[in-house]
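**Student:** My questions concern the predicted model and sequence given below.
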Amino acid sequence: MSNILVVAEHNDGTLAKATLTCVSFAQEAAKRTGGVVHGLVTGSGTSAVAEELAKYVSVVHHADAPAFEHSLAETKAQAITIGADAAQASVVAMAATAHGKDTLPRAAALNGAGMASDIIGFAADSGLQFLRPIQAGNIIAACEIATERKYVSTRPTDFEAAEELQSPGTVQALTVNVPSPKTRFVQFAKVASNRPQLTEATTVVSGGRGLKDAKGFPELIEPLADKLSAAIGASRAVVDSGWVPNDMQVGQTGKVVAPNLYIAVGISGAIQHVAGMKGSKTIVAINKDPEAPIFQVADYGLVEDLFKAIPELTSKL
Amino acid sequence: MKILVTVKRVTDYERKVKIAPDGKSLLTDGMSFVANPFDEIAVEEALRLNKAHGGEVVVVSVGPKDSTQEIRKALAMGAHRGILVTAETVDSDVYARALQQLVEKEQPELVIMGKQNTDDDANQEGQLLAGYLNWPQATFASKEAGLDSADEKAQKPGLVVDNGQLTVVREADGGLEHLSVDLPAIVTTDLRLNQPRFASLPGIMKAKKKKVEEFSLGDLGVDPAPKLTYVAYSEPKERQAGQIVENIDALVDRLRNEAKVI
């Protein structure tokens, strides 16, 4: 039992990019355990996803059944424990997306296994001690899991997406008989957007309280994001005020992002917001308050009224 | 309906916790503590459901003896009684297994918990508890109407209970997922489910007379051995503040020619 099982996530028939970042964690873990990387796909009519994942891992276990049409934690957690046995996995890993955070701990409980959440790397050159942020990202802790099988969720921004293998792995059918669940999918109210996903975008433009009201997003942030083909984020304050949808919140309690370019507009820079974006390569802060803490993490700061600065920036790009 | 709701005593998220010189522990001197903010949302939701459906709200905490302060705060908000399971250090797993014993003892129809405890941010406890109990779960509960909505001002619950079933709007990547679960169930709360109330002065006075039972992990037959242990702590690499640019032209120039990101 030394293999690593990566639990895949897919949306609308496409393998999530976050899963590939988890594969690259798994490849490093497999070097340390002397095992190989397996994958698990659950779904209904998801052969294409299984084939796609097989480009990156040695063996894909594919539980293809109507019961898995919707990714419900209750049923998927059972499939994970069965997949972990089939893969002879010592480590079961899943990207720490909203879906991964919902599902993986439940599987760990069913397995009686310990779990480390949101890991960002390994603590040493060998072995299975993991690093994870605690205390709103202010401290990095090295941790050990006492059980033989270890569950970990991996933070997508801290691992590169894996490359395709030279020769693809095999796909094996996995039979999972789950009792009728006590959870029912009702509907998914998708936030319509033609923009790149917040957690995968190379550029992110985020707006905060400095925009004064909800109109600041369509009038100032969106034109700038259009010019840069950027995703749009927001501080907790403006999400709480209902100016933009919840899933746009960047921060320790929202989404963690690490784009090449992060532009913070009218955001003061509370600890919990900074925890969600400080891994960005280049950070720009535009704020009229020169004392705003956001300037302490920004590579480039501009102290100016954003209602003047943003239209000018947009016109000059 | 009977609702069990958690309040964990956590380090104050607005104050930086310091690492001991040997890097093996966190300095407890000067640490201040608060109720986990996600749990306060859980307490608020439980109180709103209680107003709509009657029954009882039982506040539970697993942690050091001083956690009675956070339990009393929830009682002052309006919860009916409290239970403290005393334990010095608990990982997510011990926490969930202690709650499992309390659930089996108290037999609630619903357990509401914060989606994560803001000290170690594991975001596991509700899911673990649901797994141990084999109950359905609805994590990251939110609502469609925002925190500025009329529903929120009227303190309307976001969770909808109807005929043994609970409908939950939950935060997922890319939108809001609506789930229906059979009761009993576990719900974990996200930030936008509600705005927790403040305790009133009469509430604080009444809370002093409310009952708080205490158990140890041993009393409940819970193995205190954690499955996750922290062996070392370090500071994250801090970013250095960069340069202040004079105007937009200078900013565009730096982004184009220095950072090369546009």
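**Tutor:** Alright, I've got the coordinates.
**Student:** In the chain, where is pLDDT below threshold?
**Tutor:** I went with chain A, as the question did not name one. Counting by pLDDT under 70, chain A contains no low-confidence range.
**Student:** now the helices: where do they sit in it?
**Tutor:** Taking DSSP state H as the criterion, chain A contains helices spanning A:17-33, A:47-54, A:73-86, A:98-111, A:216, A:222-228, A:236-240, A:271-274, A:306-316.
**Student:** Any idea which of these gets closest to B:Q100?
**Tutor:** Of all those, the one in closest proximity to B:Q100, counting by Cβ to Cβ, is helix A:98-111 (9.2 Å). Where you see a C-beta, it was placed from the backbone N, CA and C, and this is true even at glycine.
**Student:** do the closest one and chain B meet?
**Tutor:** Yes - judged by Cβ under 8 Å from any Cβ of the partner chain, helix A:98-111 comes into contact with chain B at A:A98, A:H99, A:K101, A:D102, A:T103, A:L104, A:P105, A:R106, A:A107, A:A108, A:A109, A:L110.
**Student:** Could you check the angle that helix makes with helix A:17-33?
**Tutor:** Here helix A:98-111 runs at an angle of 40 degrees relative to helix A:17-33 (axes from the mean of the first three to the mean of the last three Cα atoms, to 10 degrees).
**Student:** Please identify the deepest-packed of the helices of chain A.
**Tutor:** Per-residue neighbour counts averaged over each of those give the maximum for helix A:98-111, namely a mean of 26 (mean count of other Cβ atoms under 10 Å in any protein chain shown).
**Student:** Name the surrounding residues that touch that one.
**Tutor:** In this structure, residues lying in contact with helix A:98-111 by Cβ atoms under 8 Å, 6 or more residues apart in numbering or on different chains are A:7, A:9, A:18, A:71, A:73-74, A:76-78, A:80-81, A:84, A:92, A:94, A:114-115, A:117, A:149, A:151, A:153, B:92-93, B:96, B:123-125, B:127-132, B:137, B:139-140, B:171-173.
**Student:** Filter the residues you listed down to just the ones in strands.
**Tutor:** Where the contacts of helix A:98-111 overlap with strands, as defined by DSSP state E, the overlap consists of A:7, A:92, A:94, A:114-115, A:117, A:151, A:153, B:137, B:139-140, B:171-172.
**Student:** can you list those in CSV and add distance to B:V5?
**Tutor:** Converted to CSV, the ones in strands among the contacts of helix A:98-111 look like this (distance: Cβ to Cβ, whole Å):
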residue, distance to B:V5
A:V7, 30
A:V92, 30
A:M94, 28
A:G114, 26
A:M115, 24
A:S117, 22
A:Y151, 26
A:S153, 25
B:Q137, 15
B:T139, 15
B:F140, 16
B:E171, 19
B:A172, 23
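**Student:** could you dump these to TSV with distance to B:G146 and neighbour count?
**Tutor:** Compiled in TSV, those are given as follows (distance: Cβ to Cβ, whole Å; neighbours: other Cβ atoms under 10 Å in any protein chain shown):
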residue	distance to B:G146	neighbour count
A:V7	33	30
A:V92	37	29
A:M94	31	27
A:G114	38	24
A:M115	33	28
A:S117	28	28
A:Y151	35	29
A:S153	29	29
B:Q137	24	30
B:T139	20	28
B:F140	16	27
B:E171	13	24
B:A172	17	23
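**Student:** Return the member of the residues of helix A:98-111 next to chain B nearest to A:L302.
**Tutor:** Using Cβ to Cβ, the residues of helix A:98-111 next to chain B come closest to A:L302 at A:A98, 33.3 Å.
**Student:** The closest one and A:L53: what is the separation?
**Tutor:** Remark: distance between A:A98 and A:L53 (Cβ to Cβ, to the nearest Å) = 20 Å.
**Student:** A:P168 now?
**Tutor:** For A:P168, the distance to A:L53 (Cβ to Cβ) stands at 9 Å.
**Student:** Equivalent analysis for B:L159, please.
**Tutor:** 36 Å.
**Student:** Next: A:K190.
**Tutor:** With distances defined as Cβ to Cβ, the gap from A:K190 to A:L53 amounts to 24 Å.
**Student:** so A:T170 sits right up against A:V59, yeah?
**Tutor:** Yes - A:T170 is in contact with A:V59 according to Cβ atoms under 8 Å; the separation is 5.6 Å.
**Student:** What segments of the stretch 101-250 of chain B are helices?
**Tutor:** If you assign secondary structure with DSSP state H, counting those that start in this stretch, the helices in the stretch 101-250 of chain B sit at B:125-133, B:150-153, B:201-207, B:248-253.
**Student:** Could you single out the most deeply buried of those?
**Tutor:** Ranked by mean neighbour count, the helices of the stretch 101-250 of chain B are led by helix B:125-133 with a mean of 27 (mean count of other Cβ under 10 Å).
**Student:** Hmm, A:A96 and A:T199 touching each other?
**Tutor:** No - with contacts counted by Cβ under 8 Å, A:T199 stays clear of A:A96, the gap being 10.4 Å.
**Student:** Which residue lies nearest the spatial centre of chain A?
**Tutor:** In chain A, the C-alpha closest to the average C-alpha coordinate belongs to A:T97, at a distance of 3.9 Å (Cα atoms, centre = their mean).
**Student:** I misspoke; the intended subject was chain B.
**Tutor:** Nearest to the mean C-alpha position of chain B, counting by Cα atoms, centre = their mean, stands B:G114 at 2.4 Å.
**Student:** mind listing what it touches?
**Tutor:** With the criterion set at Cβ under 8 Å, 6+ apart, B:G114 makes contact with B:T6, B:K8, B:N36, B:P37, B:F38, B:D39, B:E40, B:I41, B:A42, B:T188, B:T189.
**Student:** Same question for A:V265.
**Tutor:** Going by Cβ under 8 Å, 6+ apart, A:V265 touches A:205-208, A:210-211, A:220-221, A:224, A:286-287, A:306, A:310.
**Student:** Check A:A231 too.
**Tutor:** A:R195, A:P196, A:Q197, A:L198, A:E200, A:A201, A:T203, A:V204, A:V205, A:A225, A:P259.
**Student:** and it, how far is that from A:I119?
**Tutor:** In this structure, A:A231 lies at 24 Å from A:I119, with Cβ to Cβ as the measure.
**Student:** What of B:T89?
**Tutor:** Counting by Cβ to Cβ, the gap from B:T89 to A:I119 is 20 Å.
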